[in-house]
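**Q** Compute the structure for the input listed below.
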Amino acid sequence: MCVKWSGPPLNRIFTAGLEGEIHAYNIELKDVGKNEEQVHTLEIMDLLPIPSMGYIASAGMDKIIALWHMDTLKLKHKFTQGHQLGVHTLDWYADMNMILSAGLDHDIYMWNPQVKPKVFLLKGHNHSLIGVKWIRGTQQIVSADISGMIRVWDMRTYSTTQTLNCSLNEIHALAVTQPPKRIIVGGRSLVFYDYDEPVDHHLADKDACLCVLYNPIFYTFITAHPTCVKIWDATNGCLQNVFHDISQADITCICLDDRKRKLFVGDQRGRAYCLDVKNGVEKKRFKKPGDNKAARAAQRNKPQDD
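**A** Numbers count the residues shown, from 1 in each chain. Predicted coordinates for the structure are as follows:
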């Protein structure tokens, strides 16, 4: 199920899978040991080498995260007071010395390798998570769930700073690069997102701000730009969400409904979209005036069979 390279100083390859065992190999692919203590009762889904501390962590469908000494594969301890469902993925947040874990639960767990209880829990997704990654050199992590919802988190405040809705119906893989700052998700195809960050941090966006709305229900400002819509916290000015890929044409105008829970967006081609103001999910797409006439005209001009 998983193969990981430890890096120096051990320079070993670690594998794990359906048997619930971890095997270690040297660079000549000779088996140099395995874990003697059986901890996982179901398949191991991911391994996380932590060379700086001399540990390797394992996560399985049995809801257990175990921490092993990398050189001997002897158990240090296991984290059991957390996930309620299987764990799919792990990552190492080096700046804070934290293990990040995610899986069938809808939440991201943070663990200190030295203590057993979880340190913190990040909530925000409504579906099972397929990945969580730290963006190296930053205070941000990225998470994605199977529905295509991607969240960027600021670990200084433990809050979401950006939300992306992937065009794929279902995704199964997540990766990030730095530099350049790029988020990559995969399903039946690959989708790449360049991380949205203005060059001048005193400005809302590199493109012109076309319209600004205030939402008194959620205490947010909404700014419209040619290629995206941004949501800002009115109490502290921090960016909350960014809605991308709303339309293939440039956005020209926005407005809220009477309940302040739906956002209507218009573009240069005369199309209009209705979005959920909280997460940017498209709720309805309005047809461009004249589309029905064009369709009827095309039908009339279509050659008829004899």
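**Q** Name the residues that touch stretch 247-264?
**A** With contact meaning C-beta atoms under 8 Å, 6 or more residues apart in numbering, stretch 247-264 is reached by 210-211, 213, 215-218, 222, 224-229, 265-269, 271-278, 283. Yep, even glycine has a C-beta here, placed from its N, CA and C like the rest.
**Q** low pLDDT regions in the stretch 151-300 of the chain?
**A** Within the stretch 151-300 of the chain, the segments meeting pLDDT under 70 span 195-203, 288-300.
**Q** again, only this time at 80
**A** 167, 169, 179, 195-206, 287-300 (pLDDT under 80).
**Q** Now do the helices in it.
**A** Counting by DSSP state H, counting those that start in this stretch, the stretch 151-300 of the chain has helices at residues 291-301.
**Q** In strands, which of the contacts of stretch 247-264 fall?
**A** 211, 213, 215, 222, 224-225, 228-229, 265-267, 272-276, 283 (DSSP state E).
**Q** how long is stretch 248-266 from one end to the other?
**A** 11 Å (C-alpha to C-alpha, to the nearest Å).
**Q** Also stretch 31-46?
**A** 19 Å.
**Q** average pLDDT for it?
**A** Mean pLDDT, stretch 31-46: 86.
**Q** which parts of it are buried?
**A** 35, 39-40, 43-46 (16 or more other C-beta atoms under 10 Å).
**Q** wait, what's in contact with residue 109?
**A** 82-83, 100-102, 118, 120-121.
**Q** residues in contact with the nearest residue to residue 164 once chain neighbours are set aside?
**A** Distances taken as C-beta to C-beta, 6 or more residues apart in numbering place residue 150 nearest to residue 164, at 4.1 Å, with adjacent residues excluded. By C-beta under 8 Å, 6+ apart, the residues touching residue 150 are 142-144, 163-166, 174, 183, 185, 193.
**Q** re earlier: pull out the buried members of the ones in strands among the contacts of stretch 247-264.
**A** By 16+ other C-beta under 10 Å, the ones in strands among the contacts of stretch 247-264 give 213, 215, 222, 224-225, 228-229, 265-267, 272-275 as buried.
**Q** so when I look at residue 95, I'm seeing a helix, right?
**A** Yes. Counting by DSSP: H, G, I helix; E, B strand; the rest coil, residue 95 falls inside a helix.
**Q** ok, residue 78 touching residue 67?
**A** Yes. With contact defined as C-beta atoms under 8 Å, residue 78 counts as touching residue 67 (6.9 Å).
**Q** just to revisit the earlier point, which two from the buried ones among the ones in strands among the contacts of stretch 247-264 end up farthest apart in space?
**A** 215 and 267 (21.1 Å; C-beta to C-beta).
**Q** Against residue 95, how distant is residue 262?
**A** According to C-beta to C-beta, to the nearest Å, residue 262 stands 39 Å off from residue 95.
**Q** Specify which residue of the two has the higher count of neighbours.
**A** Neighbours were counted for residue 262 and for residue 95 using other C-beta atoms under 10 Å; residue 262 has more, 16 against 12.
**Q** how much space between the more buried one and residue 247?
**A** 16 Å.
**Q** Identify, from the buried residues of stretch 31-46, the entry nearest to residue 138.
**A** residue 46 (22.3 Å).
**Q** Help me confirm that the closest one comes into contact with residue 90.
**A** Yes. With contact defined as C-beta under 8 Å, residue 46 counts as touching residue 90 (4.9 Å).
**Q** shared neighbours of the two, anything?
**A** residue 59.
**Q** Residue 9: neighbour count?
**A** 10.
**Q** surely it meets residue 51?
**A** Yes. Under the criterion of C-beta under 8 Å, residue 9 makes contact with residue 51 at 7.4 Å.
**Q** so how far is residue 222 from the nearest residue to residue 216 once chain neighbours are set aside?
**A** Closest residue to residue 216 apart from its sequence neighbours, by C-beta to C-beta, 6+ apart: residue 260 at 6.7 Å. To residue 222, residue 260 is 10 Å away according to C-beta to C-beta.
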